[in-house]
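Colleague: kindly generate the corresponding structure for this input.
(one chain, ligands or ions: 1)
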Amino acid sequence: MKIKNPATDEIIVALKPDSKAEIGQKLAMLKIGQKDWAKETIDDRMSCLVRFGALIQENLQELAFLLTSETGKPIQQALNEIKGAHNRIEHLNAHARHWLSKEIMVDSGGTHEQITYEPLGVIANISAWNFPYNVGYNVFLYALAAGNAVAYKPSEFASLTGQQFEFYLHRAGVPKNVFQCIIGSGDVGQLLLEEDFDGYFFTGSYGTGLHIAKSVAHKLVPVQLELGGKDPLYVMEDVLDVKQAAINAAEGAFYNNGQSCCAVERIYVAERIYDDFVAAFTTEVKSYPIGNPLNAETFIGPLTRPEQLQVLEYQVADALAKGATLLTGGNKIKGKGNYFEPTVLMNCHHGMKVMMEESFGPIIGIQKVDNDQAAIDLMRDTAYGLTAAVFSQDKERAMLVLEQMDTGTVYWNCCDRVSPNVPWSGRKNSGQGVTLSSQGIRAFVQPKAYHLRP
Ligand code: NDP
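Modeller: Modelled structure (predicted):
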């Protein structure tokens, strides 16, 4: 399996994918290791994870370089991701003991009722390439803390980072038979579905997620899906500073080249500020430095996957054919690497694919709205349900909109952010199940009810 640098098209290294037999051996090994790992105290397990976190931070520069080389993520954003993901470890370390300890519900009248939380066993974590630290940590660290063993399959586009997770977890004291990285592309992921895992935790597209859910349904084990989005942002006419709102909205749409599950994917703007907002937004996007992702000042690098270039070209052509106005960008950049011009389309409507289908790239559609109800109707008009955002000075008015969103997360005067303090979940085609927070840890355990009569 050739690992390509998406900025230069050069092959970085070739890796040997795991065969079916090797996956079977790794699973057998994990099944043995998990039993001992579950018997360790939560303190012992957490101290390994804290050591892992420290090792990752100590090797930050080298790991960021690797992430940028294989995904094309601009180096400053790679550093931000690796540093930022550490908050999962701090949060787990502060709370996991409490979350996983037994709960005594009744202890009177000769009856004792309590709940304990047992690990699932060996879980498969099939992961995405766009934020491998964030989405990886959300699953495998929480699973390990709860006493599970993990077979981690990174996306083929983040394989080198996945190998580093394995290397540093083992160095931090997580036994080899408790965490294993499985190398390979989608067909290797497919092999995992045929094996006897105790749970499947997937981050990726709706199509693959649905395929995984259907393929493993007969096993009746937990299946969790963190899928895509078509996340709306509504900018009300009362925003304090239209220019600043446009700058913040553009960052939400174009950070990581738009390849974020919770990127702003469509924008609705109140009529009164529409022209000013669109002008400020376009000026901001035109100012983004595009180029070599290893340069510290680069904000827009190459797309990670070459296939996405065609999706974006198709969405632009479709929007223009249906009456959109192109304000900047619109084309693949000629030469080496998977570069696409940051693209802004105005006068969009829901007949256009750019407003309805996940773009997952540096492109945004903007639509004018007359009032809050029109915005609400448009924001809700989607098959997805990951996040929704409102920019306004008026909290009460914003909350009235946000309460009506059928999404797992809502934002007021912010967007495109994830925090370990609150649950992360998608509705409808954005997935099922929860990661992060006290609720996220529950995904990796099964409760046992004790009825005891002393
Ligand atoms: P894919 O669905 O293509 O891939 C995700 C993972 O599944 C990869 O490891 C992939 O391997 C693997 N895979 C592919 N085919 C199969 C199969 N038949 N059986 C088992 N595993 C398989 O997703 P993308 O790479 O396109 O990731 C982007 C998507 O992820 C976007 O839709 C994005 O919104 C979503 N996402 C959601 C997040 C959330 O928290 N809700 C967070 C991050 C991303 P390989 O890549 O090697 O082919």
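
Colleague: nearest residue to residue 84 in space, ignoring adjacent ones along the chain?
Modeller: Nearest-residue entry for residue 84: residue 134, 7.3 Å, with adjacent residues in sequence omitted and distances by CB to CB, 6 or more residues apart in numbering. C-betas here are computed from N, CA, C, even on glycine.

Colleague: how about residue 254?
Modeller: Per CB to CB, 6+ apart, closest to residue 254 is residue 362, 5.5 Å.

Colleague: ditto for residue 50
Modeller: Among residues not flanking residue 50 along the chain, residue 93 sits closest, at 5.6 Å (CB to CB, 6+ apart).

Colleague: can you report how many residues neighbour that neighbour?
Modeller: The number of residues packed near residue 93 is 16, by other CB atoms under 10 Å.

Colleague: one more: residue 448?
Modeller: The number of residues packed near residue 448 is 11, by other CB under 10 Å.

Colleague: torsion angles phi and psi at it?
Modeller: Residue 448 adopts backbone torsions of phi -120, psi 130, taken as degrees, to the nearest 10.

Colleague: what bridges to it?
Modeller: Beta-bridge pairing for residue 448 (DSSP bridges): residue 116.

Colleague: my read: it touches residue 103, true?
Modeller: No. Contact between residue 448 and residue 103 fails when scored by CB atoms under 8 Å: they sit 11.0 Å apart.

Colleague: so who does the residue nearest to residue 50 touch?
Modeller: With contacts defined as CB atoms under 8 Å, 6 or more residues apart in numbering, residue 93 is in contact with 46, 49-50.

Colleague: then residue 394?
Modeller: Neighbouring residues of residue 394 by CB under 8 Å, 6+ apart: 236, 238.

Colleague: ok, now how distant is it from residue 16?
Modeller: Counting by CB to CB, to the nearest Å, the separation of residue 394 from residue 16 is 58 Å.

Colleague: just the strands in the stretch 101-250 of the chain please.
Modeller: 103-108, 111-119, 122-126, 149-153, 179-181, 199-203, 223-226, 231-235 (DSSP state E, counting those that start in this stretch).

Colleague: how about those strands in a markdown table, adding mean neighbour count?
Modeller: Below are the strands of the stretch 101-250 of the chain laid out as a markdown table (neighbours: other CB atoms under 10 Å):
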| stretch | mean neighbour count |
| --- | --- |
| strand 103-108 | 10 |
| strand 111-119 | 15 |
| strand 122-126 | 27 |
| strand 149-153 | 26 |
| strand 179-181 | 24 |
| strand 199-203 | 26 |
| strand 223-226 | 23 |
| strand 231-235 | 27 |
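
Colleague: for residue 36, find the nearest of those strands.
Modeller: strand 149-153 (9.6 Å; CB to CB).

Colleague: show me the contacts for residue 298.
Modeller: Residue 298 neighbours (CB under 8 Å, 6+ apart): 74-76, 289-292.

Colleague: and of the residues you listed, the nearest to the ligand?
Modeller: Lowest distance from the ligand to the contacts of residue 298 (CB to the nearest ligand atom) belongs to residue 74, with 17.5 Å.

Colleague: Provide a list of residues in contact with that closest one.
Modeller: 68, 293, 295, 298-301.

Colleague: go on, residue 203?
Modeller: So residue 203 contacts 126-128, 135, 138-139, 226-227, 261 (CB under 8 Å, 6+ apart).

Colleague: for it, give its distance to residue 426.
Modeller: 10 Å.

Colleague: repeat for residue 25
Modeller: According to CB to CB, residue 25 and residue 426 sit 34 Å apart.
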